[in-house]
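Provide a 3D model corresponding to the input given below.
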Amino acid sequence: MRAKLITREGFNALQKELDYLWREHRPEVTKKVQWAASLGDRSENADYQYNKKLLREIDRRVRYLRRCLADLKVVDYGSEQEGRVFFGAWVEVENDAGESRRFRIVGYDEIFDRKDYISIDTPMARALLRKEVDDEAVVETPNGQVTWLITAIEYIS
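Got it, this is the predicted structure:
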């Protein structure tokens with residue numbers, strides 16, 4: 001099985017989420033469940049039912065994050081990457097129609113809630129890998145091939 005890649009920043013964010021859920025959020029919800037359970041009849045106790053459901057969701061996310069973090073391979077910036085597109089790069093591209101885009105190539109677990117991140121597994125990222133500024137990358141899309149010119153590459157640590 002191929003290791004799933006992630007940037008140091010992405011790994012730290014997932015670790016921070018796990019720590020928050022396990023050390024702060026879960027204990028708070030557990031206290032609410034215990035309090036609601038102490039009131040008696042749980043079948044009609046909305047506080048108990050809601051917080052019990054929330055506790056299950058937290059536990060599910062904690063299990064996922066623990067499994068995920070164990071399987072991830074952190075990719076740190078190396079000076080040999082400078083000037084070329086590799087994992088973790090911020091890339092600016094422009095097509096023949098004059099459209100320009102700027103995004104960062106990251107692992108799948110980092111793309112959620114970020115419009116400026118793309119997964120290393122996307123056709124765009126695959127077409128850009130190892131290219132330099134002023135190189136062209138041909139990307140296969142459902143509407144045919146699109147050619148993008150690389151206008152800038154940047155690594156921010």
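
In this structure, spot the helix with the most residues.
Counting residues, the longest helix in the chain under DSSP state H turns out to be helix 46-71.

Pull out the buried residues from that helix.
48, 51-52, 54-55, 58, 61-62, 65, 69 (16 or more other C-beta atoms under 10 Å). C-beta here means a position set from N, CA and C on the backbone, and glycine is covered the same way.

mind giving me CSV with those and columns for distance to Leu14 and pLDDT?
Shown next, in CSV, are the buried residues of helix 46-71 (distance: C-beta to C-beta, whole Å; pLDDT from 0 to 100):
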residue, distance to Leu14, pLDDT
Tyr48, 30, 89
Asn51, 25, 92
Lys52, 26, 93
Leu54, 20, 96
Leu55, 21, 96
Ile58, 15, 97
Arg61, 11, 97
Val62, 11, 97
Leu65, 6, 96
Leu69, 6, 94
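
closest to Tyr155 among those?
If you rank those by distance to Tyr155 using C-beta to C-beta, Leu69 comes first, at 23.5 Å.

which residue sits closest to that closest one, ignoring its sequence neighbours?
Leu14 (6.0 Å; C-beta to C-beta, 6 or more residues apart in numbering).

can you count the residues close to that neighbour?
For Leu14, the number of neighbouring residues by other C-beta atoms under 10 Å comes to 17.

Also Ser38?
Considering only other C-beta under 10 Å, Ser38 is surrounded by 8 other residues.

need the contact list for it.
Contact analysis of Ser38 by C-beta atoms under 8 Å, 6 or more residues apart in numbering lists nothing.

so how far is Tyr117 from it?
Taking C-beta to C-beta, to the nearest Å as the measure, Ser38 falls 45 Å from Tyr117.

next one: Asp71
According to C-beta to C-beta, Asp71 stands 20 Å off from Tyr117.

next one: Leu5
Here the distance between Leu5 and Tyr117 works out to 13 Å (C-beta to C-beta).

quick one, helices of the protein?
For the chain, helices defined by DSSP H occupy the ranges 8-20, 26-37, 46-71, 123-128.

Mind giving me the packing neighbours of the shortest one?
Meaning helix 123-128. strand 117-119, strand 136-141, strand 144-154 (3 or more C-beta pairs under 8 Å, 6 or more residues apart in numbering; DSSP states H and E).

Need the contact partners of it.
Helix 123-128 has contacts (C-beta under 8 Å, 6+ apart) with 85, 91, 93, 105, 118-120, 137-141, 148, 150.
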